[in-house]
Each structure stands twice: as C-alpha cells, then as structure tokens.
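[1] have a look at this prediction, sequence included:
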Amino acid sequence: MLVAIDDLKDVKKLKENDIVYVFDDEPLDKLLKTKLHCIHYTQVKKVDINLTKYDIRCKKKAKITDKDLFELPPIKENKYAIIVPNCNNAKYLKKCIDSVLGQTYKNLDLIIVDDMSTDTSIDIIKKYKDKRLHLIQNKRKRYNGGSRNVGIDYALNNLDFDYFAFLDSDDWWKHDKVLETINEEIDGYEMAVIGAEMLYEDGVHYKTTNSWANYEEFYISEGTKTIWCTAWCRIIRKDKIKYFNEDTLMEDRNWSYRVADDLDYNKVINIKEVMYVWNRMNSNSVTKVRNPIWNASAWCHIGHQLQFISEMKHTELKPILEKRVQHCIEEANKGVYTQY
C-alpha cells in the first residue's frame, strides 16, 4: 500500500519544490493516528508533508516533479552477523536458534558462543546442520560480555557481512519477518533500534518501543523512558561496533554509551515495532540472580562508567552522566543496584 499524507488546508498554495513522502507497507491505522489527512497515492498530484514530529517510517523522499515519484528504491541485501552468548540455557536455546534460522530473510550468519555449559546446550546446537550456524566453545569463563567479544572477533576475522545483531540465548525474535523488516529500513544507517516484549511467569506481556526527543535522551539509555541499554535492541553497522567489558555481569550500559558516543545521531533509525521477546521467565538469568558476583559487578560497572566519563567525545553530557553515576553509587550502597 502506497500512501501520502497531506496536512495542508489549501493545496493550491503548493510549490514545485514541495516534498512528498511515499510509503510502502505502513499500516493505515498507524497513519490515521497522526490525525492527518490520508489519501491513496493514485489520487496524489501535489502534496506537501511535514512529518518530522511523527514516528512514521518513510521509504522515499522526492520532489513532486520527479518522474519516478512512486518508484521505490531497491532494497540492499545486507548480511547480518548475529551473536548469541550461551551458558546453560538449554531450556530456551532451541527456541532462540529457531527464531533466527527460521527468518524469511536468509542472508545471515548465527554465531553461538558457548561459555562452558554443563547442560545439554552443545548437543542441541550440534543437531543443526545449517551452514550459517557457527559454534564457538570458550576454553575459559568469559560471561556474556566476553562471549560477545569472542563472537565479534570471529565475525570480523572470518565472515563477510554488514551489520551486527545480538540475542541472549534465553530470548527469541518475535516473528519470522524481524530481519526482513530491519533490512528494509536500515540501509544508509549506522544503527537501528527495535522494540521488545517482556514475558513474565504470570503471563504478563509488557510491550515497549524506544522513544527519545534529543541526543541526550538517546545517549543516556533509560529503558522504557527512552531506549534500552541492552545489546539485543541494537543492530549496528560493523565499523561502529564496540567491545564489551568482560569483568562484570553488567556489561550492556557502558557499552551502549561507547556505541552512542561514536555514532552519527542522524544515522540512527528507530524501528518502533516489537521484534524481540525478552524472556523474564528464566530464573537463572544473570539479571535476576542476586549474589556476591552481582554485587561486585555493580561496583565494577560503576568504575567503568567513571572511566568512560574521562574518555567521552560528547563532553557536554559529562554532568548528566556524573549525576547518573552518583545515583548508581547510592543504589549500590543500599544493595539494590541494577543497570536497568
């Protein structure tokens, strides 16, 4: 469905240099929620649209006088290196793997880095005969951050690809068109972010997409308030990838700061769609178990943030991060600190 949006009261005031936006498959109900006048593209002759304040994905931007006005640009066949760290998540691992290998978009490599599992994880992985699946078994404990780093190095040294994506082994992609949708949107961008659904033991499904009004909100990564700090909500062009801290269970947030610090803010696309299922039913998840390792990780994570403040390019945000770190210290002192 191609749709144009017209928010002008008087179309006679249009000029030849006015811009028209052409949409491919944006749901009509989403367009209607903008409270703008929606008309089918075949009825469009001259339309001016200002959608800068609306979260609508645009396929093309063209002048009204362009002869190929309604010809959509070709979609590049990007290739994705998808990294999954795993440790003793046999219960959910198959669902995670199937959600990736079962994608309608096939141009991918799945790298599973097993962090010395003692359950049946390796047996599950070895049953797959898909050449796109690569298994790496750590020789020493690396935790999630280190295992992702192993996957990053493997991809950069052995694979030809364009973007990194991440899943945790107890999570899965929401449907089989996740990567197809991402690929349709991401070309020309350094990073895309996607929405998530949190699934709890009591059956509650909490759905959220990312939303930020400026670079500061994007940078800070405050979960449901702006953008998740997690690796799994980001699809990153390979030249923009950063390595994770390996000496903490809380590796995501400081990593998200480093990634954001090296991005062109205007080359980040927010795909406001729930594509990832964050499984909160797993009682073994490191984000749910509270023990001495978690408490030590909190202080290590705080140290990483303090170190990053002295290295950041966007020094105008230094006071904001310093304030946040102080809050982290207060929470850690009370024994209730969580990076999320």
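    Done, it's in. The model shown is predicted, which means the values in this text are computed figures rather than measured ones.
[2] tell me the contacts of the spatially closest residue to Leu133 that is not a sequence neighbour?
    Leaving aside its sequence neighbours, Leu133 sits nearest to Leu110 (C-beta to C-beta, 6 or more residues apart in numbering; 4.9 Å). Where you see a C-beta, it was placed from the backbone N, CA and C, and this is true even at glycine. Listed by C-beta atoms under 8 Å, 6 or more residues apart in numbering, the contact set of Leu110 reads Ile82, Val84, Ile97, Val100, Leu101, Asp130, Arg132, Leu133, His134.
[3] in its sheet, what does the helix or strand harbouring Leu110 sit against?
    Assigned by DSSP states H and E, Leu110 belongs to strand 108-114. Counting by DSSP bridges, the strands paired with strand 108-114 are strand 80-86 (parallel), strand 133-137 (parallel).
[4] so how far is it off the chain centroid?
    The chain centre lies 17 Å from the centre of strand 108-114; the measure is C-alpha atoms, centre = their mean, to the nearest Å.
[5] and the two most separated of the contacts of Leu110?
    Greatest spatial distance in these: Val84 and Asp130, 13.6 Å, computed using C-beta to C-beta.
[6] okay, those two: which has more neighbours?
    Neighbour count, other C-beta atoms under 10 Å: between Val84 and Asp130, Val84 has more, with 27 against 11.
[7] neighbours around the residue nearest to Thr224 when sequence neighbours are not counted, how many?
    In space, and not counting its chain neighbours, Thr224 is closest to Thr208: 5.0 Å by C-beta to C-beta, 6+ apart. The tally of other residues near Thr208 (other C-beta under 10 Å) stands at 16.
[8] contact partners for Thr208?
    Gly195, Ala196, Glu197, Met198, Thr224, Val274.
[9] any idea of the pLDDT on it?
    On the pLDDT scale, Thr208 is placed at 89.
[10] Lys33 now?
    70.
[11] how close does it get to Lys272?
    Lys33 is 12 Å from Lys272, where distance means C-beta to C-beta, to the nearest Å.
[12] the two - which one has more neighbours?
    Higher neighbour count among Lys33 and Lys272: Lys272, with 15 against 12, using other C-beta under 10 Å.
[13] how does this structure divide up, domain by domain?
    What automatic domain parsing lists as the domains of the chain is 3-63, 80-279.
[14] what ranges do the strands span in the stretch 151-300 of the chain?
    Along the stretch 151-300 of the chain, the stretches classed as strands by DSSP state E, counting those that start in this stretch are 163-166, 172-173, 191-199, 205-208, 234-237, 268-279.
[15] which of those strands comes out lowest on mean pLDDT?
    Among the strands of the stretch 151-300 of the chain, strand 205-208 scores lowest, with a mean of 88.
[16] partners of that strand in the sheet?
    Each strand paired with strand 205-208, and its direction, by DSSP bridges: strand 191-199 (antiparallel).
[17] in the stretch 101-250 of the chain, which spans are helices?
    Counting by DSSP state H, counting those that start in this stretch, the stretch 101-250 of the chain has these helices, from start to end: 121-126, 143-158, 178-186, 215-220.
[18] who touches the last one?
    Right, the one you point to is helix 215-220. Contacts for helix 215-220 (C-beta under 8 Å, 6+ apart): 212, 225-227, 257, 260-261, 265, 268, 314, 317, 320-321, 324.
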